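*Asks:* Just the structure for this:
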Amino acid sequence: QLQLVESGGGLVQPGGSLRLSCTASLFTFRYSNIGWFRQAPGKEREGVSCISAMGGSTNYADSVKGRFTISRDNTKNTVYLQMNSLKPEDTAVYYCAAGGWGLTKYTYDSWGQGTQVTVSS
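*Replies:* Got it, this is the predicted structure:
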């Protein structure tokens, strides 16, 4: 299993932007599909976006389409989630995950510890 580390979370005003990073130390990262998930207090963990190993295929939840962009740099073993036009309802702990595909959490077997994103004025 990969060890994943998320970073880039924080407090931002509505309409603002953040870029999250998901980094792994193993070279096998570059052969793994990566997903971003989020979990708000009292809610189930939900899929946000995912990207294939070579970056040629991506998928987004309807709630973030047009606002979030997923990308990866395999030379840095890093996947990014650029989040624009943030809304209060985007507030959650964001997790990256590896080993699966799609926006269903059960297909993934490696998870990071999460990074908090808070959207508030």
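*Asks:* lowest-confidence helix or strand of this structure?
*Replies:* The helix or strand of the chain with the poorest confidence is strand 110-111; it has a mean of 94 (mean pLDDT, DSSP states H and E).
*Asks:* ok, and what's touching that one?
*Replies:* Residues outside strand 110-111 that contact it (CB atoms under 8 Å, 6 or more residues apart in numbering) are 1-4, 32, 95-99. The C-beta positions use only the backbone N, C-alpha and C, and glycine is treated the same way.
*Asks:* Adjacent strands (with direction) for that strand?
*Replies:* The sheet places strand 110-111 alongside strand 92-98 (antiparallel), with pairing taken from DSSP bridges.
*Asks:* Now the helix or strand following the least confident helix or strand of the chain: average pLDDT?
*Replies:* Where DSSP states H and E defines the elements, the next helix or strand beyond strand 110-111 is strand 115-119. Averaged across strand 115-119, the pLDDT comes to 98.
*Asks:* With stretch 43-61 instead?
*Replies:* 96.
*Asks:* Give me the contact list for it.
*Replies:* Stretch 43-61 is touched from outside by 30-39, 64, 68, 70-72, 74, 79, 81, 92, 94-95, 101-105, with contacts defined as CB under 8 Å, 6+ apart.
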